[in-house]
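# predicted coordinates and the sequence they were generated for:
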Amino acid sequence: MAELPLGDLDSTSDRAVFRQIADQLRDGIRQGVFPEGEKIPSEAKLMEHYGVARMTVRQSLQVLQGEGLLVAEHGRGVFVRSRPPVRRLASDRFARQHRAEGKAAFIAETEQAGAKPTVDSINIEEVKVPETIAERLNLKESESVIVRSRRYLIDGHPVETATSYIPAAIALGTQIAEPNSGPGGIYARLEEQGHRLDHFTEEIRTRMPLRSEARDLRLAPGVPVFHLVRTAYDTDGRPVEVCDTVMSSDAYVLQYELPAR
């Protein structure tokens, strides 16, 4: 049997054996010994290499699954979790050029990464504006908004959910209120309605996912999410959309370009 590219246990250490094994596997993942998407050695091979019981090996693997480094696939084994190389370039993703080409931001950045973007779970409804959204949109609580919720997928894997709130006075009677918002997405439709976009603000937090979010994004245990809230403003300074987004943290690199002046 081929020797595993792993070290030996330190019998003099007071660190638990299962944590020593997890440490060595973690180092192997970070150093590329076990590349993304590759199956790690089986429980039987790890038991033989370290001379430990199956439960000890399973404890080690559970530690790394909890950190989001490994994912277990039923009937196939345990694999190093793949991380889609999608770079979210804040200074470019809402460029008018993309809308002119008929591409919404998610489609443009995913295609630039050489991956296939899709959108599903689209739901649209008109509701009274929630209090927190009313503050961001400068609306009275008696006013209504069109709510567009959807899920984004990269190569068939869900990576993000988003819910947009647009004043009903702007969105009703337009493609914004339809499942297919048309080329360039809702920002292109807003500009067609005379709301030329001027700038966006984004607030980003990291947290552990809610149970429903973990289910919708098929997150492995231990993987946190980015919770991003964006507000779009037109050239008159009016807020015209709020987008509440939850993103799988291991699916994106958030890149920002900041002026030095």
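Happy to help now that I have it. Residues are numbered from 1 along each chain as shown.
# okay, now the unreliable bits of the stretch 1-150 of the chain?
For the stretch 1-150 of the chain, the stretches with pLDDT under 70 are 1-2, 83-93, 95, 98-102.
# how about the strands in the stretch 1-150 of the chain?
70-73, 77-80, 86-89, 117-128, 144-154 (DSSP state E, counting those that start in this stretch).
# could I get those strands as JSON lines with mean neighbour count and distance to Gly28?
(C-beta placed from N, C-alpha, C; glycine too.) Formatted as JSON lines, the strands of the stretch 1-150 of the chain follow (neighbours: other CB atoms under 10 Å; distance: least, CB to CB, whole Å):
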{"stretch": "strand 70-73", "mean neighbour count": "16", "distance to Gly28": "11"}
{"stretch": "strand 77-80", "mean neighbour count": "17", "distance to Gly28": "9"}
{"stretch": "strand 86-89", "mean neighbour count": "18", "distance to Gly28": "25"}
{"stretch": "strand 117-128", "mean neighbour count": "13", "distance to Gly28": "32"}
{"stretch": "strand 144-154", "mean neighbour count": "20", "distance to Gly28": "26"}
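# compare those and give me the one nearest Gln97.
Closest approach to Gln97 among the strands of the stretch 1-150 of the chain (CB to CB): strand 86-89, 12.9 Å.
# any idea how far Val223 is from Leu25?
Using CB to CB, to the nearest Å, Leu25 is found at 17 Å from Val223.
# between those two, which has more neighbouring residues?
More neighbours surround Leu25 than the other of Leu25 and Val223, with 25 against 22 (other CB atoms under 10 Å).
# one step back: Leu228 is nearest to which of the strands of the stretch 1-150 of the chain?
For Leu228, the closest of the strands of the stretch 1-150 of the chain is strand 86-89, at 9.5 Å, according to CB to CB.
# follow-up on the earlier one: let's have the strands of the stretch 1-150 of the chain in a markdown table, adding distance to Leu190.
Compiled in a markdown table, these are given as follows (distance: least, CB to CB, whole Å):
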| stretch | distance to Leu190 |
| --- | --- |
| strand 70-73 | 39 |
| strand 77-80 | 42 |
| strand 86-89 | 21 |
| strand 117-128 | 15 |
| strand 144-154 | 12 |
